[in-house]
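Engineer: Here's my sequence, what's the structure:
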Amino acid sequence: MKTVHWTEEEELTLVTLIVNAQQTLRRGQPAYWTRAFQEYQHAGNARHNLNACQHKWRELRPHLDRFKACFDRVPAGDLSYDDRVKIAKIEYRQDGNPKFRWVTHFNIYRTLFF
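Structural biologist: Numbers count the residues shown, from 1 in each chain. The predicted structure is shown next:
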């Protein structure tokens, strides 16, 4: 099986569409995958099939969840959002994770929780 690599733009588009689908559909409704994938293809992304999209999401989501936990541990107080992200990146690395390179993805992902 040939592996097709994902560009950052493709990853970002996928995260954006999944978050949008989850926000517009009722919680627990499994159709968000179908909707997100249809939107992904409609946006002109034909290099990846549904299985590849689901696999990429299963790869990205744990990183986003762990980073959110690190971000949430940083007290807001007088810190700016950017400072909180910098501190969360340090804590993420200290927890034994690889360098966090998905800050833009995280900014979109965290909208699910507001």
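
Engineer: For stretch 14-33, buried residues please.
Structural biologist: For stretch 14-33, the neighbour count (16 or more other Cβ atoms under 10 Å) marks 14-22, 25, 32-33 as buried. Where C-beta positions appear, they are placed from N, C-alpha and C, glycine not excepted.

Engineer: Can you give me the pLDDT of His55?
Structural biologist: At His55, the model reports a pLDDT of 88.

Engineer: list the contacts for it?
Structural biologist: Counting by Cβ atoms under 8 Å, 6 or more residues apart in numbering, His55 touches no other residue.

Engineer: roughly how far apart are it and His48?
Structural biologist: 9 Å (Cβ to Cβ, to the nearest Å).

Engineer: so of the buried residues of stretch 14-33, which ones are in helices?
Structural biologist: Among the buried residues of stretch 14-33, the ones falling in helices (DSSP state H) are 14-22, 32-33.

Engineer: And those residues, which two are furthest apart?
Structural biologist: By the measure Cβ to Cβ, Thr16 and Trp33 form the most distant pair in these, at 14.6 Å.

Engineer: okay, the ones in helices among the buried residues of stretch 14-33 in JSON lines with pLDDT and distance to Gly77 next?
Structural biologist: What follows is these, written out as JSON lines (pLDDT from 0 to 100; distance: Cβ to Cβ, whole Å):
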{"residue": "Leu14", "pLDDT": "88", "distance to Gly77": "34"}
{"residue": "Val15", "pLDDT": "89", "distance to Gly77": "28"}
{"residue": "Thr16", "pLDDT": "89", "distance to Gly77": "30"}
{"residue": "Leu17", "pLDDT": "87", "distance to Gly77": "34"}
{"residue": "Ile18", "pLDDT": "87", "distance to Gly77": "31"}
{"residue": "Val19", "pLDDT": "86", "distance to Gly77": "27"}
{"residue": "Asn20", "pLDDT": "85", "distance to Gly77": "31"}
{"residue": "Ala21", "pLDDT": "83", "distance to Gly77": "34"}
{"residue": "Gln22", "pLDDT": "80", "distance to Gly77": "30"}
{"residue": "Tyr32", "pLDDT": "75", "distance to Gly77": "35"}
{"residue": "Trp33", "pLDDT": "75", "distance to Gly77": "38"}
